[in-house]
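Asks: Predicted model follows, preceded by the sequence.
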Amino acid sequence: MTTPNEHMPGTPDDGLPDDAALSAMVYGSGHEVEATRLDQGATLVQPGEDNTLTGEVIDAPPAPPAEDAPPAPRVLEHRGDHEPLKVLPQWATSPEVFLAAAKREATFLASWVGHHGLRLPFVYLPKFLVRAGVGFGLCVRGLSRWVSDAENKATRTALMVGVRGTSEWKTLRKEHADGVRARLAGLAAAGTMSGVAGVTINTYTGAEGLTVAAIAAGTAAVTAFGIVGTKKVTKPILDTHEEQVPKLTMDLVSDALLTLGLGSMGEVKAGRAENKILRIFSTTGGVEIHVDLVPGATTAMVIERKDRLASALRRPLDTVWPENNHKANPGRLNLYIADKALSERRAVEWKLANKGVTNVFEPFPIGEDQRGRPVSVNLMYNNVVVGGLPGMGKTYLLRVLILGAMLDPRTELHIHELKGTGDLLALKPVAHVCQSGDDPDDFKALRDDLRNVREEMRRRSAFIRSLPREEVSESKVTDELANRYGLKPMLFVIDESQLAFKDPAYGGEIADLVEDVTRLGRALGIILILATQRPNKDAIPTAISALISIRICLRVGDQTTNDMVLGTSMYKAGHRATDLDPEAKGVALLAGEKADPQLVRSASVDGAASDKIVERSRVIREAKGLLTGMAAGDIPADLDHSTVVDHLLAVWPENDPEWANGKIWSDELAARLAEHKPTLYTGWDAAQVNAAAKRHGVTAKNVKHGTGANNVRKGLVRAEIVKAAGDVIALPDTTTEED
Ligand SMILES: Nc1ncnc2c1ncn2[C@@H]1O[C@H](COP(=O)(O)OP(=O)(O)OP(=O)(O)O)[C@@H](O)[C@H]1O
């Protein structure tokens, strides 16, 4: 196999004459021709042979006219012209990449040393000693042949046969005998010198020195014999396991890309176009290769043919990851080749498992990608679908999403797990609603909860509209508004949603309500997650599916299901959850977070770990007074989304006998509120009541009551409260704003 450059004639290592040599062969110096031929091992004219050239001398043909040099291309713009040059190499600016690569190499080195270190005394040394024996035998044989001049035996015999009995014959015999004697004498001299050396060493360094010298000489001899013996045995001494996967080389990658049939094959074959490998380097858990594909080919094409690429590279499908580089050009391929398949890697630890809180308005980590880089999702202003075959890790993934949202103590959780296995019941201590089961009561409870949420959406929508424009420039519940006005983020989860939608009694209404929540809830701080084992039209009605922005697909069985979860044409574009390894649990494709779908290995949080996180969240919520609904011991159906306006009306009858003109001091209202809802209002004073009312557009006035000193204080007007409470208008459709 060759790299693209090696196909070019004239490169130093292609074994062919370069341009200069070729022209010399045709037009010029015979020396250069000879040199070139010598290089190629060609037979030269030998001394003594007739090397006279015969024939007519003709003039060398004139040199061909130099072709007009093509005009230099006119540069219109060069993208890099205005980019500042990088001062430091990338590894220096990205210690993470550098450390990951160093760790990878060190791990490999350690495993290599361990593997061979263990075999050295038990396998390699015995093998080497056997080879040293072979080498010794070869040396003795060689020496005896040298002493007896065995090399020349055939020539000698032939010469002697012709002159038997003559003086020449005697001379030849004598010469041979003298030669043998001289070599024997040489051997004896070498033996004697060794003996003398031994005696000398013994004299000067004693027996110990002699022993050391003998060991050194013996080791050197054994090593030398071993090397001689090893040359005779072709099998390598090191135990190199059978390579099932060919070594990753530039040639392998180039050839693999060629098999994909990208660009014009004619151009590629003619050497006018190539897949240009720009960089190849070690990175976290694998190797990354940057390639500029042949002109006209795109990375999307490679992604589409990922299976063919993996086959050509002779690697498992889930170790080969072609990716776009959006900062470069559509033909720039970033190819990551992992050392290990996903199923062989360690489970991913969740970064928030032991400490930390989240802000649900910002992304939080849910796992890692194929390279071990963290993968995060931002749930706010999104709706989510999670789909996948049973047993692939849907519950684990769903749990991480819920736990992440839960670690923002403001998030109100509504969890409906309709399978009835109680997988998510462990979240009850912090959930506003948490129920498990598929009885008619469970579907009714889901319907009621959805109705309450829709009611809350109306309330929020009206409230947001009532705020001054400068406070709601985006017409949606922001982090700031959530804090300032207690508009808690809400997470509504329906696990096994297909059961809800097909329920004969409540399914229709549930579908309508879910559609409303999906369409309008996002801007109002309400996030919906639907999870299903069988993502088809029943599991997620088309009207709802179209509104879902984050799509997470664990392994599924077919193209239709793949596209139902991830979106239309995803399968065709090469984003195939059908190809995920059934052994790799918790591995999914995540669409909607980034420009391209990405792979995510969800963090592994089992039941026990989840309990601890729930406990941690409950402590925080308790301290902040944020436990509501079931978590606070209330009945789930009593979902209370009332505001201070509702509470004021509850403690302030229309014709209050004590306060005849419809106005009350705010400190009186604070006392009544504290009695009505002690958990919310204990400790409130007049100023707090006024501030809370002001958020609903009700301003405190001076209210005169009774006689005597201090009979004029700040208070509220009931008619204004009634107006604020009734200011609930139809919901606006925020879908287009969000999209
Ligand atoms: N992210 C993960 N990391 C490691 N192992 C996981 C992960 N997710 C799931 N598993 C393993 O896979 C098993 C099945 O996961 P899970 O219960 O989430 O599947 P499921 O898709 O919800 O199945 P079902 O729909 O039948 O309940 C788990 O018991 C766990 O051992």
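Replies: Done, it's in.
Asks: all contacts plus neighbour counts: C-alpha atoms, from now on.
Replies: Fine.
Asks: got the contact list for residue 655?
Replies: residue 662 (C-alpha atoms under 8 Å, 6 or more residues apart in numbering).
Asks: helix, strand or coil for it?
Replies: Put simply, residue 655 is coil when judged by DSSP: H, G, I helix; E, B strand; the rest coil.
Asks: Then residue 589?
Replies: Using three-state DSSP, the structure places residue 589 in strand.
Asks: so what's it up against?
Replies: 552-554, 566, 575, 577, 597-600.
Asks: Could you pick out which of those residues are located in strands?
Replies: If you go by DSSP state E, the contacts of residue 589 have 552-554, 598-600 in strands.
Asks: In the residues you listed, find the pair that's most separated.
Replies: Among these, the pair separated by the greatest distance (C-alpha to C-alpha) is 554 and 598, at 11.9 Å.
Asks: Which of these two has more residues huddled nearby?
Replies: Using other C-alpha atoms under 10 Å as the criterion, residue 554 and residue 598 rank with residue 554 on top: 35 against 18.
Asks: ok, back up a step: output the ones in strands among the contacts of residue 589 as JSON lines; include the columns distance to the ligand.
Replies: Below are these laid out as JSON lines (distance: C-alpha to the nearest ligand atom, whole Å):
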{"residue": "552", "distance to the ligand": "12"}
{"residue": "553", "distance to the ligand": "11"}
{"residue": "554", "distance to the ligand": "8"}
{"residue": "598", "distance to the ligand": "15"}
{"residue": "599", "distance to the ligand": "12"}
{"residue": "600", "distance to the ligand": "9"}
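Asks: Give me the helices and strands touching the lengthiest helix in the chain, please.
Replies: Criterion DSSP state H: the longest helix present in the chain is helix 167-232. Applying 3 or more C-alpha pairs under 8 Å, 6 or more residues apart in numbering; DSSP states H and E, we find helix 167-232 packed against helix 125-147, helix 153-162.
Asks: Spell out which parts of the stretch 401-550 of the chain neighbour the ligand.
Replies: For the stretch 401-550 of the chain, the residues in contact with the ligand (C-alpha under 6 Å from any ligand atom) are residue 533.
Asks: What segments of the stretch 401-550 of the chain are strands?
Replies: 412-417, 433-436, 490-495, 526-532, 550-554 (DSSP state E, counting those that start in this stretch).
Asks: next one: the last one to chain centre, how far?
Replies: So that's strand 550-554. 16 Å (C-alpha atoms, centre = their mean, to the nearest Å).
Asks: So which elements touch it?
Replies: Helices and strands touching strand 550-554, by 3+ C-alpha pairs under 8 Å, 6+ apart, are strand 383-387, helix 559-566, strand 587-591.
Asks: Not counting residues beside it along the chain, what's closest to residue 516?
Replies: Leaving aside its chain neighbours, residue 516 sits nearest to residue 454 (7.5 Å; criterion: C-alpha to C-alpha, 6 or more residues apart in numbering).
Asks: Quick one: neighbours of the one you found, just the number.
Replies: Counted with other C-alpha under 10 Å, residue 454 comes out at 20.
Asks: Just the pLDDT at it, thanks.
Replies: pLDDT for residue 454: 91.
Asks: That one contacts residue 515, doesn't it?
Replies: No - using C-alpha atoms under 8 Å, residue 454 is not in contact with residue 515, being 10.5 Å away.
Asks: Any idea what residue 532 is bridged to?
Replies: With DSSP bridges as the criterion, residue 532 is bridged to residue 387.
Asks: Next, count neighbours for residue 447.
Replies: Residue 447 has 21 nearby residues by other C-alpha under 10 Å.
Asks: which ones are touching the closest residue to it other than its chain neighbours?
Replies: Computed as C-alpha to C-alpha, 6+ apart, the closest residue to residue 447 that is not its neighbour in sequence is residue 510, at 5.6 Å. Taking C-alpha under 8 Å, 6+ apart, we find residue 510 in contact with 446-447, 450, 500-501.
Asks: ranking these by neighbours, who comes first?
Replies: That'd be residue 500 among the contacts of residue 510, by other C-alpha under 10 Å, with 29 neighbours.
Asks: Not counting residues beside it along the chain, what's closest to that residue?
Replies: Excluding the flanking residues, the one nearest residue 500 by C-alpha to C-alpha, 6+ apart is residue 507, at 5.6 Å.
Asks: Am I right that the one you found is in contact with residue 513?
Replies: No - in this structure, residue 507 is not within contact of residue 513 by C-alpha under 8 Å, at 9.9 Å.
Asks: my read: residue 524 touches residue 457, true?
Replies: Yes - contact criterion C-alpha under 8 Å: residue 524 and residue 457 qualify, at 6.6 Å.
Asks: Looking at the strands of the stretch 401-550 of the chain, which one is packed in the most?
Replies: Per-stretch averages of neighbours, counted by mean count of other C-alpha atoms under 10 Å, single out strand 550-554 among these, with a mean of 28.
Asks: Let me have the contacts of residue 589 in JSON lines, extended by pLDDT.
Replies: JSON lines is the format used below for the contacts of residue 589 (pLDDT from 0 to 100):
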{"residue": "552", "pLDDT": "96"}
{"residue": "553", "pLDDT": "96"}
{"residue": "554", "pLDDT": "96"}
{"residue": "566", "pLDDT": "93"}
{"residue": "575", "pLDDT": "91"}
{"residue": "577", "pLDDT": "93"}
{"residue": "597", "pLDDT": "92"}
{"residue": "598", "pLDDT": "93"}
{"residue": "599", "pLDDT": "94"}
{"residue": "600", "pLDDT": "95"}
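Asks: Now do residue 722 against the ligand, distance only.
Replies: 49 Å (C-alpha to the nearest ligand atom, to the nearest Å).
Asks: Near the ligand, which residues of the stretch 251-400 of the chain are found?
Replies: Contact residues (C-alpha under 6 Å from any ligand atom) of the stretch 251-400 of the chain with the ligand: 347, 390-396.
Asks: Need the max-distance pair from those.
Replies: Among these, 347 and 390 lie farthest apart (C-alpha to C-alpha), at 19.0 Å.
Asks: The two - which one has more neighbours?
Replies: Between residue 347 and residue 390, counting by other C-alpha under 10 Å, residue 347 is the more crowded of the two (18 against 14).
Asks: Now that one: closest residue in space, sequence neighbours ignored.
Replies: Per C-alpha to C-alpha, 6+ apart, closest to residue 347 is residue 604, 6.1 Å.
Asks: Residue 352 is in contact with that neighbour, correct?
Replies: No - using C-alpha under 8 Å, residue 604 is not in contact with residue 352, being 11.4 Å away.
Asks: which one of those two has more residues nearby?
Replies: Neighbours were counted for residue 604 and for residue 352 using other C-alpha under 10 Å; residue 604 has more, 23 against 18.
Asks: quick one: buried residues of stretch 269-289?
Replies: For stretch 269-289, the buried set under the neighbour-count rule, 16 or more other C-alpha atoms under 10 Å, comprises 273-277, 280, 282-289.
Asks: ok, back up a step: the residue nearest to residue 347: what secondary structure?
Replies: Here residue 604 is recorded as coil under three-state DSSP.
Asks: what's it in contact with, if anything?
Replies: 347-350, 396, 586.
Asks: ok, and the most crowded of those?
Replies: In these, the most neighbours by other C-alpha under 10 Å go to residue 586, 26 neighbours.
Asks: how about the nearest residue to that one, chain neighbours excluded?
Replies: In space, residue 586 is closest to residue 393, 4.4 Å off (C-alpha to C-alpha, 6+ apart).
Asks: Perfect, I'm done here.
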